[in-house]
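> Make a model of this:
(2 chains)
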Amino acid sequence: MSNFTDPSKFLGLVVTLGLKTIKLRYKNSFFGFLWSMMNPLIYLVIFSFVFGNVFTEIDRYPLYALTGLVFWIFFSTTTIQVIESIVNSSGVLKSINIPTIALPLAAQFASLISLFLSLVPFTILMLVFGLKLGWESLLFLPILLLYTCFTFGASLILSSFNVYFRDVQLAWASFMPAIFYATPIAYTSSLIPEKFLWLLKLNPLYHFIGALRQIFYFNTTPSLMELGLLLALGIIPLMLGLWVFNKLERGFVSQY
Amino acid sequence: MMMETKKEIIIEAKKLSVSFLIQRHGINNIKDFIITMGVKSPFERKNVLRDLDLVVYKGECLGVMGRNGCGKSTLLRTIAGIMKPDGGSLTVNGNVAPLMALGVGLEPELSGYENIKLVGTLMGLSSKELKGSLEAIVDFSELSQDEIEMQVKRYSSGMMARLAFSIAVANIPEILIIDEALAVGDLGFRQKCARRINEIKAAGSTIIYVSHHLDEIKNICTRAIFMEDGKVAIEGDVDKVCEYYSTHLKRKTPPVATILP
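Take a look at the predicted model:
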C-alpha cells in the first residue's frame, strides 16, 4: 500500500531528507559549516590548557584529546538529532504515508555526512599534532560502521520512547555531560583506580573510542577479542533498537 | 441496483475500528509502559471509528460530510495508510495520494524549486518521475521563474497553496484524498483546481472529498456519505445526503428566537 515498498525509492527518501537537514543547518548563516568545528576546537583548547599540564605523561596530548573528541561529538550530535527526528516531523507523518523509520535514518545519514566533512579539516589539524597514518588506519571504516550501528540503535530506542514521553529528549541533554566524563576522552583509563576500571568498561563508548584511538593515536590494531566485542556492541543495540521501534511504532500517530 | 454491483470495488471497509491513545498520567503508568514495551500502557484507547462499513467504487467521487470530530480525517488517514485499523478489515486497491492539508512538508527556508523536489519525494515520486513532471508542476502553479527560486517563507499563503496543490496533483493517482484543503487561493486558481480534479476524475481515478461546502460536494461528487460518531450514518445520492446534512445540523442549533429576549 505504501509508495515506498520499492527500495530505491525508500533510499531516495532517506537521502533527500538527510541532505535537506544538512542544507537547512547552515542556511542563513555566514560561516555555516565552520561553526560546527568550533565546539570541538573550544573543547580542545580548554583541555589542552587545563589538562595538558596535568596529564604530562600523555604524549602529544592535543592529538590524544582530539581523537576522542571528534568521535564523541559524532555520538552526542547523532543521538540528539535522531531522538528529535520523529517528533519534529509529526506534521508530515500524520499527513503523508511515509515509513516512519526514514526520519531517524535520515538524521543518522546527515550526521555521518557531517562527520566526514569535519574529518577533512580535523585530519589536517591532527597531522599538525603528530598523527601518523598507516595501514591500520584503514580499520577506521569497519569500526566506524559498528560505532554507527551502536549509536543508531541506542538513539532509535530513545527516539521511540520520546514520541510518548518528551521527557526523554530533555533528560538525555542533561545526561550528556555525565556520559562525556564517564568516557576517557580528556583523560586516559590508566588514571582510573584499578577497582573502578570495570565500571568504565561497562560503557560501550569506552570500547569504541578506545579502538579508534588505538589506530589513530597508538598506531596499533585492536586485538581480535576487542574487535569481536565491538561487533557485538554494534549489532546487538541495533537489533534491540529496531525491535523496540517496531513494538512502539503503532501508537506514534496518536501522539503527534 | 444491478449497475452498482457490477462496478469494481476499490476501497472496502468492513466493521472497521480505529482508535486513538489518550494519555493518562502517573509515574507507575510510565514504569509499566517501559517494562511491558507498550503492552500495558498509560494510555486510554478512544475509539474514533466504530464498526464502520464502507464501499467505494472505482472511478467515483465520494463526498464525506459530518460534524467536526466525527472521524472524517481519521477515516481518510486510515485509507491513506497513515493510521492502522484496530479491528475489522480495510482493503485499498491502489496507490493513494493524500492531500490532508495543503503545505505539509514544505520547508520555509528552501526555495520553491527545492521544495518541489522535497515534497515530491515525500509523496513517493522517484527522481525520474520528478524530473519528468517538474515543468508541469511549475507551469500549473503559475509561479514566475523569480518566485520559484525564492525561499518559500517569502511566499504569500495563496502562493504557498498553489505550489503545494501543484505538487500533489502533478501525477494522476489511483485514489486522491482531499481533506478540506482547497479553501485557499484566489478564484482563478480555485477554478483551475476544480478543473484539474475533473481531469483526474476523467482519467478514471477515485476521489474522496471532505468538505463542509454543500456546493462543492454537489459540483464534484457523484455519491456522498454523512458520518456520525465514527460510523456512516447515511449514504447515497449527493442531494439526499446534502439535504440530511443541512436539516440535521440545523436541528442542533437552537432557534434564534429562544436566544433573543
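
> What helix or strand is the spatially most central residue of chain A located in?
Against the mean C-alpha coordinate of chain A, by C-alpha atoms, centre = their mean, the closest residue is A:Phe75 at 2.2 Å. With elements taken from DSSP states H and E, the one containing A:Phe75 is helix A:61-88.

> B:Ala194 too?
Applying DSSP H and E as the criterion places B:Ala194 in helix B:187-202.

> Quick one: distance of stretch A:108-121 to the chain centre.
10 Å (C-alpha atoms, centre = their mean, to the nearest Å).

> Tell me which residue in chain A sits closest to chain B.
Going by C-beta to the nearest C-beta, chain B is nearest to A:Asn3 of chain A, at 2.8 Å. For the C-beta atoms, the positions are set from N, CA and C on the backbone; glycine is no exception.

> any idea of the pLDDT on the residue nearest to the centre of chain A?
At A:Phe75 the predicted local distance difference test score is 96.

> How about the residues of chain B by chain A?
Residues of chain B found near chain A (C-beta under 8 Å from any C-beta of the partner chain) are B:20-22, B:30, B:33-34, B:37-38, B:41, B:43, B:77, B:80-84, B:92, B:95-96, B:98, B:100-101, B:104-105, B:107, B:109-110, B:114, B:117-118, B:121-124, B:126-127.

> Mind doing that once more with 7 Å?
By C-beta under 7 Å from any C-beta of the partner chain, the part of chain B that sits against chain A consists of B:20-21, B:30, B:37-38, B:80-84, B:92, B:95-96, B:98, B:100-101, B:104-105, B:107, B:109, B:118, B:121-124, B:126-127.

> Pretty sure the residue of chain A closest to chain B sits in a strand.
No: according to DSSP: H, G, I helix; E, B strand; the rest coil, A:Asn3 belongs to no strand; its state is coil.

> Tell me how many other residues crowd A:Gly68.
Neighbouring residues of A:Gly68 were enumerated by other C-beta atoms under 10 Å in any protein chain shown; the total is 27.

> how about the helices in chain A?
For chain A, the helices defined by DSSP state H cover A:7-25, A:33-50, A:61-88, A:90-93, A:102-128, A:140-164, A:167-181, A:197-201, A:204-216, A:224-248, A:252-255.

> Adding distance to B:Glu8, write the ones you listed out as JSON lines.
Rendered in JSON lines, the data for the helices of chain A read as follows (distance: least, C-beta to C-beta, whole Å):
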{"stretch": "helix A:7-25", "distance to B:Glu8": "27"}
{"stretch": "helix A:33-50", "distance to B:Glu8": "55"}
{"stretch": "helix A:61-88", "distance to B:Glu8": "37"}
{"stretch": "helix A:90-93", "distance to B:Glu8": "31"}
{"stretch": "helix A:102-128", "distance to B:Glu8": "32"}
{"stretch": "helix A:140-164", "distance to B:Glu8": "38"}
{"stretch": "helix A:167-181", "distance to B:Glu8": "47"}
{"stretch": "helix A:197-201", "distance to B:Glu8": "64"}
{"stretch": "helix A:204-216", "distance to B:Glu8": "55"}
{"stretch": "helix A:224-248", "distance to B:Glu8": "34"}
{"stretch": "helix A:252-255", "distance to B:Glu8": "30"}
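
> so where's the chain shaky on pLDDT?
Since no chain was named, I'll use chain A. Per-residue confidence for chain A (pLDDT under 70) gives these ranges: A:1-2.

> hmm, I had chain B in mind actually
Within chain B, the set of residues satisfying pLDDT under 70 comprises B:1-6, B:24-42, B:181-185, B:251-261.

> That one: helices as residue ranges?
Taking DSSP H, the helices of chain B run over residues B:2-6, B:27-35, B:72-80, B:112-122, B:127-141, B:145-148, B:157-168, B:187-202, B:214-220, B:238-252, B:256-259.

> Identify whichever of those helices lies nearest to A:Pro193.
A:Pro193 lies closest to helix B:27-35 among these, at 33.8 Å (C-beta to C-beta).

> contact partners of the helix holding B:Ala194?
When contacts are defined by C-beta atoms under 7 Å, 6 or more residues apart in numbering or on different chains, helix B:187-202 is touched by residues B:Cys61, B:Arg162, B:Phe165, B:Val169, B:Ile172, B:Leu176, B:Leu182, B:Ile207, B:Ile220.

> Can you select the buried ones among those for me in PyMOL?
Isolation of the buried members of these (16 or more other C-beta atoms under 10 Å in any protein chain shown) is achieved in PyMOL through the command below:
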select buried, chain B and resi 61+162+165+169+176+182+207+220
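
> Closest residue of chain B to chain A?
Of all residues in chain B, B:Gly124 sits closest to chain A, with a separation of 2.8 Å (C-beta to the nearest C-beta).

> Distance-wise, check the closest residue to that residue other than its chain neighbours relative to B:Ile208.
Nearest residue to B:Gly124, sequence neighbours excluded (C-beta to C-beta, 6 or more residues apart in numbering or on different chains): A:Asn3, at 2.8 Å. Distance of A:Asn3 to B:Ile208, given as C-beta to C-beta, to the nearest Å: 17 Å.

> next one: B:Glu12
Following C-beta to C-beta, the distance that separates B:Glu12 from B:Ile208 is 13 Å.

> which of these two has more neighbours?
When B:Glu12 and B:Ile208 are compared on other C-beta under 10 Å, the one with more neighbours turns out to be B:Ile208, at 26 against 16.

> A:Leu125: how many residues sit nearby?
As a burial measure, A:Leu125 scores 18 neighbours (other C-beta under 10 Å).

> Quick check: the residue nearest to the centre of chain A touching A:Phe150?
No: taking contacts as C-beta atoms under 7 Å, A:Phe75 lies outside contact range of A:Phe150: 8.7 Å.

> Return the set of buried residues in stretch B:233-253.
Going by neighbour count (16+ other C-beta under 10 Å), the buried part of stretch B:233-253 is B:Ile234, B:Glu235, B:Val238, B:Val241, B:Cys242, B:Tyr244, B:Tyr245, B:His248.
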